[in-house]
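# sequence unknown, structure follows:
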């Protein structure tokens, strides 16, 4: 039975006060799977710390998780969960079920009685169907067809409540998630920049990052270049390093 | 010069943590009050901590922080006062079209950011005092006189300050550009350029470098032209809107020359 779980949680931004994130997260269950969405702004007490941060984390090939709350807590908790589930997969030869992930998380967070500030939305597809769960920092769990979380959740939830139907088609579900996160981004100061979407179906995962780029481009006119010698050089010491290139990677920086 | 920050503890009805920046961080929760896993909003609307930290005492704060950034630059024969137009509280937006520059006379504009209620009242008081001066002395107040008067108005409320960061931009008696910057209790000085408000810490070093040529060597100190100053102000606000959540929506620039005051509106990011 194909259940549609559409959870949308608007992400609240990340607030690095506790190194947290504010964001707008969403999850929506649709006909063939689950769509998760998030914005990409991470704030550190009202200053944008990261304009292109990745808030949708990999748990297992069929389960992804959006994390709000303290950044370090969500990262480490999801990493730990992911490792545990990988070990399980290797031992049993099966893909983990979403309820497994939820139970492991709930056990751990309850054990710490809220000291771990991780507010998570888990979405995934397994042999029993499409599921969307939310796990709170104190260990509470709710299973829902759609959900919005984070500082932008009220705005996003408005759009979700209006547009959600059971068994949506994929494109409609993506549109709905996009619209809801967009509402969160425009109304909430803690959410902004681009929108990431993760579509999980039986066939596989489509992690679209970014799904929609921010429409605000760099329109600065003046050139801000400095000639060599602008900063006075007091002393100079050159130490040559003998290096061997082992691996080269590129990371896109979201400059305006 | 030591500037005064609004008092954090001295007022009887201000809670200990009701700093003027509107962040009531340490709230005591009544025992038994369930902490929601979603946002908990402090008095000002900002996010509270997740963790239960013991009993909470709620107090009324007479101040709120409504965000916004103002900037003023003085040139040889012009002055520019610019502000963003976003009015916010906590993580919400009240208005996307609430400029913070107010025209006082044909040669003076004031930019006020901080608590919007106090900004409105203060500008009304300044307008009234300008009228009184004009009727008594049959002449318009000069920028320097307005600055001195504002200092006394602000200090008059030394023990319950106006939570406003003011910057006055205008032309002085010789027709040269003048900028006067204030703290909430009235300390002021004449500057060449100044940024105030939520993104001031981001903008001021940039202005120090680009207008004041600070921290640079071997660079020719060309005097600032009006066109370059306007473009610099636009660029600087675009950058501020990128990183400060309270700054954005639109930019209002008032360019003051002896011909009068010219206004420009430039859109900024809205997210």
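Good, I have the coordinates. If you're wondering where the values come from, they're calculated on a predicted model, not measured in any experiment.

# Could you use CA atoms for every contact and neighbour count after this?
Noted.

# for chain B, what are the nearby residues on chain A?
Within reach of chain B by C-alpha under 8 Å from any C-alpha of the partner chain, chain A has these residues: A:46-49, A:114-115, A:117, A:119, A:136-138, A:149-151, A:185-193, A:216, A:218-222, A:229-232, A:256.

# Among these, name the buried ones.
By neighbour count, with 16 or more other C-alpha atoms under 10 Å in any protein chain shown, the residues of chain A next to chain B hold A:46-49, A:114, A:117, A:119, A:136-138, A:149-151, A:185-193, A:216, A:220 as buried.

# all helices of chain B, in order?
B:116-137, B:143-155, B:200-210, B:226-243 (DSSP state H).

# Inside helices: which ones of the buried ones among the residues of chain A next to chain B?
A:185-187.

# Which one of the residues you listed is nearest to residue A:174?
residue A:185 (16.2 Å; C-alpha to C-alpha).

# residues contacting that closest one?
Shown in contact with residue A:185 (C-alpha atoms under 8 Å, 6 or more residues apart in numbering or on different chains): A:24, A:39, A:152, A:191-193, B:271.

# rewinding a little: go through the helices of chain B and name the closest to chain A.
helix B:226-243 (4.7 Å; C-alpha to the nearest C-alpha).

# so what's the closest residue to residue B:243 other than its chain neighbours up against?
Spatial nearest neighbour of residue B:243, excluding adjacent residues (C-alpha to C-alpha, 6 or more residues apart in numbering or on different chains): residue A:48 at 4.7 Å. Contacts here follow C-alpha under 8 Å, 6+ apart; on that basis residue A:48 touches A:41-42, B:242-245.

# what do you get for residue A:121?
A:9, A:27, A:65-67, A:132-135.

# If we go by neighbour counts, what in the one helix or strand it maps to is buried?
Of the helices and strands defined by DSSP states H and E, residue A:121 is found in strand A:118-126. By neighbour count on 16+ other C-alpha under 10 Å, the buried set for strand A:118-126 is A:118-126.

# For residue 153, the count of nearby residues, please.
I'll assume chain A. As a burial measure, residue A:153 scores 32 neighbours (other C-alpha atoms under 10 Å in any protein chain shown).

# you looked at the wrong chain, it should be chain B
18.

# what does residue B:61 give?
19.

# Quick check: it vs chain A, distance?
The spacing between residue B:61 and chain A, counted by C-alpha to the nearest C-alpha, to the nearest Å, is 20 Å.

# give the contact list for residue B:246.
Counting by C-alpha under 8 Å, 6+ apart, residue B:246 makes contact with A:46, A:189, B:67-68, B:86-88, B:198-199.

# Now do it against residue B:69, distance only.
Using C-alpha to C-alpha, to the nearest Å, residue B:246 is found at 8 Å from residue B:69.

# Not counting its neighbours along the chain, what's nearest residue B:86?
Distances taken as C-alpha to C-alpha, 6+ apart place residue B:96 nearest to residue B:86, at 4.6 Å, with adjacent residues excluded.

# What residues does that neighbour make contact with?
Residues counted as contacts of residue B:96 (C-alpha under 8 Å, 6+ apart) are B:85-87, B:249-250.

# Which ones among those map onto strands?
Of the contacts of residue B:96, the ones assigned to strands by DSSP state E are B:87, B:250.

# Redo the contacts of residue B:96 as TSV? Include pLDDT and neighbour count.
Conversion of the contacts of residue B:96 to TSV gives the following (pLDDT from 0 to 100; neighbours: other C-alpha atoms under 10 Å in any protein chain shown):
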residue	pLDDT	neighbour count
B:85	96	27
B:86	96	25
B:87	96	26
B:249	95	20
B:250	95	23
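
# hang on, the earlier thing: sheet-wise, list the partners of the strand holding residue A:121 with their directions.
Paired neighbours of strand A:118-126 in the sheet (DSSP bridges): strand A:63-70 (antiparallel), strand A:129-135 (antiparallel).

# Kindly reformat the helices of chain B as TSV containing mean pLDDT and distance to residue B:264.
Formatted as TSV, these follow (pLDDT from 0 to 100; distance: least, C-alpha to C-alpha, whole Å):
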stretch	mean pLDDT	distance to residue B:264
helix B:116-137	97	21
helix B:143-155	97	22
helix B:200-210	95	20
helix B:226-243	95	10
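
# Those helices: which one's closest to residue A:144?
helix B:226-243 (34.6 Å).

# which parts of that closest one are buried?
Buried, per 16+ other C-alpha under 10 Å, within helix B:226-243: B:226, B:229-230, B:232-243.

# what are the bridge partners for the closest residue to residue B:147 other than its chain neighbours, then?
Leaving aside its sequence neighbours, residue B:147 sits nearest to residue B:180 (C-alpha to C-alpha, 6+ apart; 6.6 Å). With DSSP bridges as the criterion, residue B:180 is bridged to residue B:168, residue B:190.

# Pull the number of nearby residues for residue B:180.
Neighbourhood size, residue B:180 [other C-alpha under 10 Å]: 25.

# What parts of chain B come near chain A?
Residues of chain B found near chain A (C-alpha under 8 Å from any C-alpha) are B:37-39, B:50-51, B:91-93, B:215-219, B:231-232, B:234-235, B:238, B:242-246, B:269-271.

# mind running it again at 6 Å?
Counting by C-alpha under 6 Å from any C-alpha of the partner chain, the residues of chain B close to chain A are B:37, B:91-92, B:216-217, B:235, B:243-245, B:271.

# Can you tell me which of those is closest to residue A:163?
Using C-alpha to C-alpha, residue B:271 is the member of the residues of chain B next to chain A that lies nearest residue A:163, at 22.1 Å.

# confidence score at that closest one?
Note on residue B:271: pLDDT of 89.

# what's it in contact with, if anything?
A:185-186, A:192 (C-alpha atoms under 6 Å, 6 or more residues apart in numbering or on different chains).

# ok, now with 10 Å
Neighbour list for residue B:271: A:182-194, A:214-216, B:241-242, B:245, B:247-249 [criterion: C-alpha atoms under 10 Å, 6 or more residues apart in numbering or on different chains].

# quick one: contacts of stretch B:129-140?
With contacts defined as C-alpha under 10 Å, 6+ apart, stretch B:129-140 is touched by B:104-107, B:123-128, B:141-142, B:146, B:149-150, B:153.

# Can you pull the poorly scored residue ranges out of the stretch 1-150 of chain A?
Within the stretch 1-150 of chain A, the ranges that satisfy pLDDT under 70 run A:1-22.

# where do the strands sit along it?
A:13-15, A:20-22, A:24-30, A:33-39, A:42-44, A:47-50, A:56-60, A:63-70, A:118-126, A:129-135, A:141-143, A:146-150 (DSSP state E, counting those that start in this stretch).

# now these as JSON lines including distance to residue A:87?
Shown next, in JSON lines, are the strands of the stretch 1-150 of chain A (distance: least, C-alpha to C-alpha, whole Å):
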{"stretch": "strand A:13-15", "distance to residue A:87": "30"}
{"stretch": "strand A:20-22", "distance to residue A:87": "29"}
{"stretch": "strand A:24-30", "distance to residue A:87": "26"}
{"stretch": "strand A:33-39", "distance to residue A:87": "24"}
{"stretch": "strand A:42-44", "distance to residue A:87": "31"}
{"stretch": "strand A:47-50", "distance to residue A:87": "32"}
{"stretch": "strand A:56-60", "distance to residue A:87": "11"}
{"stretch": "strand A:63-70", "distance to residue A:87": "15"}
{"stretch": "strand A:118-126", "distance to residue A:87": "17"}
{"stretch": "strand A:129-135", "distance to residue A:87": "22"}
{"stretch": "strand A:141-143", "distance to residue A:87": "24"}
{"stretch": "strand A:146-150", "distance to residue A:87": "29"}
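
# Please name whichever of these is nearest to residue B:79.
Of the strands of the stretch 1-150 of chain A, the one closest to residue B:79 (C-alpha to C-alpha) turns out to be strand A:47-50, at 29.0 Å.
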